[in-house]
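Peer 1: Here's my sequence, what's the structure:
(one chain, ligands or ions: 1)
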Amino acid sequence: VDLTFTPAEEAFRTELRSYLSTAIPAQWREPGFWSGIPEAEGFELRRDWERGKADAGFAGIQWPTEYGGRGGTAGMKAIYDVEMRRHRAPDTVNSLGLVFLAPTLMAVGSEEQKREILPPMLRGDVIWVQGFSEPGAGSDLAALRCKGEPTADGSGDLVINGQKIWTTNGMHGDRMFALVRTGGDAATTSRHAGISMLLIDMDQPGVDVRPLRQMSGASEFCEVFLTDARCPETENLGGLGNGWATAMLLLSFERGSSAMGQYTEFRLDWDQIAQLARRRSRSREHGVRQRLANDLVELECLKYLSWHILTEVEAGRDLGFGASMTKLQWSGAYQHLWETFHEVLGPDASDCDDPDIAAMQQVAMWSRSTSIWGGSSQVQRNVVAERVLGLPR
Ligand SMILES: Cc1cc2nc3c(=O)[nH]c(=O)nc-3n(C[C@H](O)[C@H](O)[C@H](O)COP(=O)(O)OP(=O)(O)OC[C@H]3O[C@@H](n4cnc5c(N)ncnc54)[C@H](O)[C@@H]3O)c2cc1C
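Peer 2: Residues are numbered from 1 along each chain as shown. Okay, the predicted model is just below:
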């Protein structure tokens with residue numbers, strides 16, 4: 001583990017801090033600001049902010065300059081993740097594209113795809129969504145049934161029929177990277193064969209997007225119905241019929257991406273919860289102190305894991321199935337932390353009149369989802385047992 005940054009990386013930190021300290025309006029950091037405005041308005045505000053940030057040179061930190069990036073190092077990207085969290089900068093509107101698709105594209109995409117897809121993704125001009133899960137295919141992703149068949153007219157298009165579910169940002173999506181069965185039959189051939197990752201245009205008559213409402217009141221994900229939707233065969237990532245390998249690579253980015261940014265955010269959350277416990281005179285109670293201490297220890301472990309990951313990435317090593325361990329660690333630490341919030345507040349956690357508490361309650365509810373998306377914790381434990389530790393099935 002290397003615990004240092006280079007002078008150039010520290011200079012980048014200074015430059016970024018100076019930009020962030022003036023570019024983020026103070027009211028954006030006020031409790032309840034984002035939950036107090038309509039979802040669509042918040043999305044457009046964040047999109048504009050992201051565009052401005054890209055124009056100022058603070059986006060695609062580690063991407064090559066020919067694709068609109070800054071051409072920085074993995075260390076600069078880690079610094080970026082940390083400083084964005086420390087300054088409470090708004091979340092990206094294009095996380096599915098930037099965090100999952102872009103690194104996959106960088107690894108297996110054609111030169112033409114990189115030049116066409118990456119610059120508009122960076123500025124939020126094209127919003128990407130992920131079409132993996134289906135009603136009968138979640139943990140068992142290879143059970144997916146969405147089908148793409150060649151048209152009879154020889155146009156080179158595929159006609160796509162099926163349903164996707166839990167599609168984050170579906171209502172804002174311009175394009176979807178979707179797993180579609182384009183060859184073979186799951187029942188007769190290997191379940192992983194004949195799947196393609198298609199890059200589907202969402203703005204067409206055959207794509208119907210329906211938002212789903214969550215317990216928090218937000219509707220951040222959707223069902224997507226594909227009825228005779230079209231996608232050119234050439235619009236695939238990693239080769240037609242080779243989508244399973246592409247999807248596994250993409251999921252390693254989804255599970256293990258930025259533990260350093262996550263640590264920074266969770267540590268700020270811990271401070272907020274500890275402060276709340278003090279304000280409510282609960283911090284001296286044995287149970288609460290014990291929980292806060294446990295949470296802090298877990299977060300410190302996450303910090304050192306994040307340094308280990310950064311060292312691996314800088315050395316050009318692939319996270320592979322080890323990403324499942326990272327996912328287990330950060331999602332576990334995060335959920336325990338927000339369980340402590342509930343322990344401290346009890347029924348008062350639902351006090352929506354206090355904007356501070358209401359904002360924290362939103363995060364507490366969101367934390368429940370982190371052991372599900374990107375592959376559930378139970379399934380990640382299976383992956384670690386079989387693929388990392390080599391235990392028998
Ligand atoms: C906030 C959020 C955002 C999401 N965004 C997207 C998105 O943008 N695009 C997308 O495609 N999907 C998305 N998903 C879906 C997510 O990938 C799936 O929910 C996840 O893969 C689990 O699938 P499932 O919900 O069908 O649960 P199931 O697979 O039905 O699992 C149900 C339960 O059974 C357990 N289980 C299943 N199989 C095993 C096993 N072999 N061993 C032990 N336990 C097992 C699971 O751990 C789980 O507890 C999102 C989910 C959430 C919560």
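
Peer 1: Which strands and helices lie in contact with the lengthiest helix in the chain?
Peer 2: Counting by DSSP state H, the longest helix found in the chain is helix 286-314. Helix 286-314 is packed against helix 74-86, helix 259-279, helix 323-345, with contacts defined by 3 or more CB pairs under 8 Å, 6 or more residues apart in numbering; DSSP states H and E. For every residue, glycine as well, the C-beta is placed using N, CA and C.

Peer 1: isn't Cys146 right up against Val224?
Peer 2: No. If you go by CB atoms under 8 Å, Cys146 and Val224 don't touch, sitting 9.6 Å apart.

Peer 1: neighbour count winner among those two?
Peer 2: Neighbours per residue (other CB atoms under 10 Å) separate Cys146 from Val224, with Val224 holding more: 27 against 23.

Peer 1: Give me the pLDDT value at the more buried one.
Peer 2: At Val224 the predicted local confidence, pLDDT, stands at 98.

Peer 1: residues touching it, list them.
Peer 2: Applying CB atoms under 8 Å, 6 or more residues apart in numbering, one finds that Val224 lies in contact with 129, 131, 163-165, 167, 170, 176, 202, 207-210.

Peer 1: Next step: those restricted to strands.
Peer 2: Residues of the contacts of Val224 located in strands (DSSP state E): Val129, Gly131, Gln163, Lys164, Ile165, Thr167, Met176, Val207, Asp208, Val209, Arg210.

Peer 1: What number of residues are in the vicinity of the third one?
Peer 2: It refers to Gln163. As a burial measure, the neighbour count of Gln163 was computed by other CB under 10 Å and equals 17.

Peer 1: measure it to Ile24 for me?
Peer 2: According to CB to CB, to the nearest Å, Gln163 and Ile24 sit 39 Å apart.

Peer 1: swap in the first one?
Peer 2: Here the criterion is CB to CB. By it, Val129 lies 26 Å from Ile24.

Peer 1: And the two? Which one has more around it.
Peer 2: Each of Val129 and Ile24 has its neighbours counted (other CB under 10 Å); Val129 has more, 27 against 17.

Peer 1: My guess is that one contacts Thr168. True?
Peer 2: Yes. Between Val129 and Thr168 there is a contact at 6.4 Å, judged by CB under 8 Å.

Peer 1: tell me which parts of the stretch 201-350 of the chain are close to the ligand?
Peer 2: Phe221 (CB under 6 Å from any ligand atom).

Peer 1: Residue in the stretch 201-350 of the chain with the shortest distance to the ligand?
Peer 2: Distances between the stretch 201-350 of the chain and the ligand by CB to the nearest ligand atom are smallest at Phe221, namely 5.3 Å.

Peer 1: quick one, phi/psi of that residue?
Peer 2: Phe221 has phi and psi values of phi -130, psi 170 when expressed as degrees, to the nearest 10.

Peer 1: again, but for Gly390
Peer 2: On the backbone of Gly390 - angles per degrees, to the nearest 10 - the values are phi 70, psi 30.

Peer 1: now swap in Glu134 and tell me
Peer 2: According to degrees, to the nearest 10, the main-chain angles of Glu134 amount to phi -130, psi 170.

Peer 1: looking at it, it is touching Asp140, isn't it?
Peer 2: No. Checked against CB under 8 Å, the pair Glu134 and Asp140 is beyond contact range at 10.0 Å.

Peer 1: Can you give me the distance of Glu298 to Arg291?
Peer 2: The spacing between Glu298 and Arg291, counted by CB to CB, is 11 Å.

Peer 1: Now the common contact residues for these two.
Peer 2: Common neighbours of Glu298 and Arg291, counting by CB under 8 Å, 6+ apart, are His336.

Peer 1: and the closest residue to the ligand within the chain, what does it touch?
Peer 2: Among residues of the chain, the one nearest the ligand by CB to the nearest ligand atom turns out to be Gly138. It sits 1.8 Å away. For Gly138, the contacting residues are Trp166, Ser376, taking CB under 8 Å, 6+ apart as the criterion.

Peer 1: Understood, closing this out.
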